[in-house]
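Student: coords please:
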Amino acid sequence: LQGGHSSNSREFVAYAASESTMAGNDDYLNSRLEKQRRHHPYDVESWYSALQPHTFPTKFVPLDPVDARRIIKYYRHRYTNRMELKYLDCVGLKNLERTLDKILKGDERFRSGAFIRLSTRSPKDGAPYTNSLTSLYEKRLKQLGAAAAAAKGKAGGTWDPNSANTKAAAAFAAQEECLRVTSGKEAMSLLLTSERAYVDLMLAIDCMDFVAKQRRNKRQREMLQLKDKDPEEYERRRRMKIKEKPDWNMNIIVRSWDSRIKGSLEFRTFVCNDRLTAISQYNHYCFFPELSAMQTALHSAITTKFRKDVQPVLSKAGYKNYIIDFGVVQVQEGAEGREKQNGGESDAKTKQTKRESVEEAGEAMVNVQDGGGVSPRLECVVIELNPFETSTGAGLFSWTDDRKLLHGEEDENDIKEDNGGGNEDKENKSKSAKMHPIVSKRMSPPFRVHKEPVPGLERFVEGILMPMVKECPESLERPVDKQERYDDLINRIIEDEKSSQASGKTCALL
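Tutor: Next comes the predicted model:
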């Protein structure tokens, strides 16, 4: 959630503790470099061309290593009291902001906003520039209450605004909205205040420097050998100016924002040996009551999309083991035809107005008719690819307890469903399914969604989510003035430098 700069963060503490010794730790940097290269096929740049028709419109903005170092300096200056950010760094960050602003405001694909990320990960823990997580949370909570009142006992009518499940759903929906950017300032605020971005850029810079060091050492060894064997060639090469391309491949990625996709309709799928082995709801914290009624239709839509459009192109590109996330969009039959006839800009405006009116009516999550109405058609959009490794979250599955199932070595149809009765059934369920009640219908591949609120969710909501939502820096131990925007620091350094220069000129004249 917003501004995860806690000094207790495992990721931050682990990296900060090793930062001072990493420069000389070749074994560590070798392992990081190997992992970086192993994960490169799952960066958006690697798979986007193959899946372009099935994912969001995307623009890649190369991030120069100089600008990457400036982002690192900003984070250290603001959050770790290492005063490294200088005037020229601030000027460079301002230029990067203008570049992103021009793209976000000048490209029609991003008219409704964009999702910003690095090649490696998104800055979803960054602080938004304008949006208040608290006000968005209250708005979403109100919408869920209105949806429950409108449903009157139908699917979607179980959103009790006082329950931990509803609070969690509202908090995650608010966080999603905070990630929508429409300007360079909003994009830079997320990037510069994100611990995830800071850690990823530090690792990328360290790996780049390590590769450059390896190349220098190799050249030095070759030159020493050449000095004895061929002195003339040695002198010739010694005078040569060698400029090697750095081992660097980092982009700021701008992806078109699709407001039709909600967190409740995002799903994580597992592919092993070119075979779809499992599907899980992506948000493993929340129970979405609508999903049980939709489970068969969702399973059909996801598996069809994978087998028809995704698997053939990824298999051809050499992908065999991966995790792929889908967003599902509900398209009302009949409406799409009218929209296509309208066409052009009016079509987009009509669609946007319709979405906004639906959200204002209180339908913040999934709105499914459970009888008598026309069922919407489901369309799937590829969100991203991840490595098929235990470092990637398993959703409602477990890398330990469901290992055989995720690797396609076991069929969940052989596991008896836990309907709340019989000890024998419960003993046959996997450990993860016991902890989190799951709808486990006879489907292949198995598809898991929560069938009731997660036990113990109250502790997570009240202990972690609510302090974040209410912007309580004391509980997070954040050394941050929550009122300060990201560019206040930059503007202050620039103004100080200008004042210093003006003072110097005055002294020179005197």
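Student: going by C-alpha atoms from here, please, whenever you check contacts or count neighbours.
Tutor: OK.
Student: so where is the stretch 301-450 of the chain shaky, pLDDT-wise?
Tutor: 333-375, 411-442 (pLDDT under 70).
Student: strands of the chain, start to end?
Tutor: Using DSSP state E, the strands of the chain run over 58-62, 114-118, 180-181, 251-256, 266-272, 275-281, 322-331, 377-387, 438-439, 447-450.
Student: out of the ones you listed, which comes closest to residue 163?
Tutor: strand 447-450 (15.7 Å; Cα to Cα).
Student: elements contacting that closest one?
Tutor: strand 275-281, helix 290-305, strand 438-439 (3 or more Cα pairs under 8 Å, 6 or more residues apart in numbering; DSSP states H and E).
Student: would you mark the buried spots in it?
Tutor: Across strand 447-450, burial judged by 16 or more other Cα atoms under 10 Å covers 447-450.
Student: strands paired with it, and their directions?
Tutor: strand 275-281 (parallel), strand 438-439 (antiparallel) (DSSP bridges).
Student: so who does residue 410 touch?
Tutor: residue 404 (Cα atoms under 8 Å, 6 or more residues apart in numbering).
Student: quick one: contacts for the residue nearest in space to the middle of the chain?
Tutor: For the chain, residue 122 is the residue whose C-alpha lies nearest the centre (Cα atoms, centre = their mean; 4.0 Å). For residue 122, the contact set (Cα under 8 Å, 6+ apart) comprises 116, 196-197.
Student: and what of residue 190?
Tutor: Contacts of residue 190 by Cα under 8 Å, 6+ apart are 123-129, 179.
Student: tell me how far the nearest residue to residue 59 once chain neighbours are set aside lies from residue 303.
Tutor: Excluding the flanking residues, the one nearest residue 59 by Cα to Cα, 6 or more residues apart in numbering is residue 254, at 5.2 Å. Counting by Cα to Cα, to the nearest Å, the separation of residue 254 from residue 303 is 28 Å.
Student: who has more neighbours, these two?
Tutor: Comparing residue 254 with residue 303 by other Cα atoms under 10 Å, the one with more neighbours is residue 254, at 25 against 19.
Student: so who does the more buried one touch?
Tutor: 58-61, 114-117.
Student: looking at the residues you listed, state which has the most neighbours.
Tutor: With neighbours defined as other Cα under 10 Å, the most crowded of the contacts of residue 254 is residue 116; it has 26 neighbours.
Student: what is it paired to in the beta sheet?
Tutor: Beta-bridge partners of residue 116, as defined by DSSP bridges: residue 254.
Student: which residues sit in contact with it?
Tutor: 122-123, 179-181, 187, 252-255.
Student: any idea how many residues pack against residue 237?
Tutor: Using other Cα under 10 Å: residue 237 sits among 13 other residues.
Student: where does it land on pLDDT?
Tutor: The confidence metric pLDDT takes the value 73 at residue 237.
Student: ok, it to residue 143 distance?
Tutor: To residue 143, residue 237 is 70 Å away according to Cα to Cα.
Student: re the thing from before, dump the strands paired with strand 447-450 into JSON lines; add distance to residue 223 and mean neighbour count as well.
Tutor: As requested, these are exported to JSON lines (distance: least, Cα to Cα, whole Å; neighbours: other Cα atoms under 10 Å):
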{"stretch": "strand 275-281", "distance to residue 223": "51", "mean neighbour count": "24"}
{"stretch": "strand 438-439", "distance to residue 223": "64", "mean neighbour count": "22"}
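Student: same list (the ones you listed) but as CSV, adding distance to residue 85.
Tutor: CSV is the format used below for the strands paired with strand 447-450 (distance: least, Cα to Cα, whole Å):
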stretch, distance to residue 85
strand 275-281, 42
strand 438-439, 50
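Student: for those strands, which has the smallest mean pLDDT value?
Tutor: Across the strands paired with strand 447-450, strand 438-439 gives the lowest mean pLDDT, at a mean of 62.
Student: hmm, back to that, now the contacts of residue 122 as a markdown table including pLDDT and distance to residue 164?
Tutor: Conversion of those to a markdown table gives the following (pLDDT from 0 to 100; distance: Cα to Cα, whole Å):
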| residue | pLDDT | distance to residue 164 |
| --- | --- | --- |
| 116 | 95 | 30 |
| 196 | 92 | 27 |
| 197 | 94 | 30 |
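Student: which of these lies closest to residue 49?
Tutor: Nearest to residue 49 among the contacts of residue 122, counting by Cα to Cα, is residue 116 at 18.4 Å.
Student: thinking again about what came up before, out of the strands paired with strand 447-450, nearest to residue 500?
Tutor: Of all the strands paired with strand 447-450, it is strand 275-281 that lies closest to residue 500, at 56.0 Å by Cα to Cα.
Student: hmm, who's touching that closest one?
Tutor: 264-271, 303, 320, 395-397, 405-408, 444-449.
Student: of the residues you listed, buried ones?
Tutor: 264-271, 303, 395-397, 405-408, 445-449.
Student: now do the buried residues in the biggest helix by length in the chain.
Tutor: Using DSSP state H, we find that the single longest helix of the chain is helix 195-229. For helix 195-229, burial by neighbour count (16+ other Cα under 10 Å) applies to 195-198, 200-212, 223, 226.
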